[in-house]
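Chemist: would you be able to build a 3D model of this:
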Amino acid sequence: MTETKPLHAQLYDAMIERIRTGEWVQGERVPSEKSLIAEFGTSRGPVRQALAALRAEGMIVGGRGAPPRVQRLVPSQSFETFLSFTEWANHLGYVPGQRVIEAARRPATEEIARDLQLTEGDPVVEIVRLRLLDGKPAMLERSLFPFWVGKHLLTADLDRGSIYQHLSALYITPVRARHTIDAVAAHQLDAEWLGVVPGNPLLRARRVAFDAHGALIEVADDRYLPSMATFVIENSAAHRTPITREPVGSSPEPREPVRPASLIKEHA
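Modeler: Purely as a prediction, here's the structure:
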């Protein structure tokens, strides 16, 4: 064990890796505290802290009389650092993937103009992509960019790599973002690409991103399969992430997703 992290955090990382790689198999009992203490050469306290953290995040279940067992690992995305989907997946050891559904320039509607702080009719670029983890659908991503940003993406190979990495190479880098997380019912397009029934619940993360000069560079609507991702917001005594509660109806209803022309079915 190194000294870069508290001991219980190092034990937590080691245990998470065992769950992720399948060394600790889903449904099987977690090794006893006694065996973990002997293996890691530590005391009972850090082992119990690490196990408590795993239990709090749903990685293990049971305890208090019932032997703890391994639960299926759902990747967690932390907002402690600002990571793209590609960076997040790579960090967790998954193979990220994407499939472009639509990449188009269009005039901003009144709603889009309001979201991007533009004038109605100004050109914008919309990118719709299916995001994959180890080849499996995980999230449907809708991103809107003002044209000065999005024009660089219209000729990029968006079936490979990260949009953020591509923009960073052009010195367009998000340094601040506002996230809104809620649950929504899957629309038809969501259902088609994510392989669920229309109306099924999805975890939605809406993001508004700004560059170092305060310019708004992206508005995104990402819809995750709940089985594929969770979100973690970490607080400390020194710095508390503000959590606000808004009354129902204070935000406008989300717009219906744009269906690519190739997916629109003609009706007689």
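
Chemist: any idea how far residue 131 is from the residue nearest to residue 86 when sequence neighbours are not counted?
Modeler: Excluding its sequence neighbours, the residue lying closest to residue 86 (Cβ to Cβ, 6 or more residues apart in numbering) is residue 162, at 3.8 Å. Every C-beta, even on glycine, is put in place using the N, C-alpha and C of the backbone. Remark: distance between residue 162 and residue 131 (Cβ to Cβ, to the nearest Å) = 11 Å.

Chemist: neighbour count winner among those two?
Modeler: residue 131 (23 against 19; other Cβ atoms under 10 Å).

Chemist: is the more buried one in a bridge, and if so with what?
Modeler: Note on residue 131: beta-bridge partners by DSSP bridges are residue 98, residue 139.

Chemist: before we move on, what about residue 224?
Modeler: Beta-bridge partners recorded for residue 224 (DSSP bridges): residue 139, residue 203.

Chemist: so what's it up against?
Modeler: Residues near residue 224 by Cβ atoms under 8 Å, 6 or more residues apart in numbering: 138-139, 202-205.

Chemist: now do residue 47
Modeler: Contact analysis of residue 47 by Cβ under 8 Å, 6+ apart lists 8, 11, 33, 36-37, 40.

Chemist: can you check residue 147 too?
Modeler: Residue 147 makes contacts with 105, 122-125, as judged by Cβ under 8 Å, 6+ apart.

Chemist: give me the number of residues near residue 228?
Modeler: Per other Cβ under 10 Å, the neighbour tally for residue 228 reads 18.

Chemist: ok, and the closest non-adjacent residue to it?
Modeler: If the residues on either side of it in the chain are set aside, residue 228 comes closest to residue 138, at 4.1 Å by Cβ to Cβ, 6+ apart.

Chemist: that neighbour contacts residue 229, correct?
Modeler: Yes: in this structure residue 138 lies within contact range of residue 229 using Cβ atoms under 8 Å: 6.4 Å.

Chemist: higher neighbour count, these two?
Modeler: residue 138 (24 against 20).

Chemist: and the gap between residue 152 and residue 14?
Modeler: Distance of residue 152 to residue 14, given as Cβ to Cβ: 41 Å.

Chemist: hmm, I typed the wrong one, I wanted residue 188.
Modeler: For residue 188 relative to residue 14 (Cβ to Cβ), the value is 44 Å.

Chemist: tell me the secondary structure of residue 205, please.
Modeler: Taken by DSSP: H, G, I helix; E, B strand; the rest coil, the conformation at residue 205 corresponds to strand.

Chemist: quick check: pLDDT value at it.
Modeler: Per-residue confidence (pLDDT) for residue 205: 89.

Chemist: tally of neighbours for it?
Modeler: When neighbours are counted by other Cβ under 10 Å, residue 205 registers 19.

Chemist: what helix or strand is residue 9 on?
Modeler: helix 7-21 (DSSP states H and E).

Chemist: output the contacting helices and strands for that helix.
Modeler: For helix 7-21, the packing partners by 3 or more Cβ pairs under 8 Å, 6 or more residues apart in numbering; DSSP states H and E come out as helix 33-40, helix 44-56.

Chemist: could you rerun that using 7 Å?
Modeler: Judged by 3 or more Cβ pairs under 7 Å, 6 or more residues apart in numbering; DSSP states H and E, helix 7-21 is in contact with helix 44-56.

Chemist: how big is the angle separating the helix it packs on from helix 7-21?
Modeler: Helix 44-56 and helix 7-21 are oriented at 50 degrees to each other (axes from the mean of the first three to the mean of the last three Cα atoms, to 10 degrees).

Chemist: can you mark which positions in helix 44-56 are buried?
Modeler: Neighbour-count burial for helix 44-56 flags 46-47, 49-51, 53-55 (criterion: 16 or more other Cβ atoms under 10 Å).
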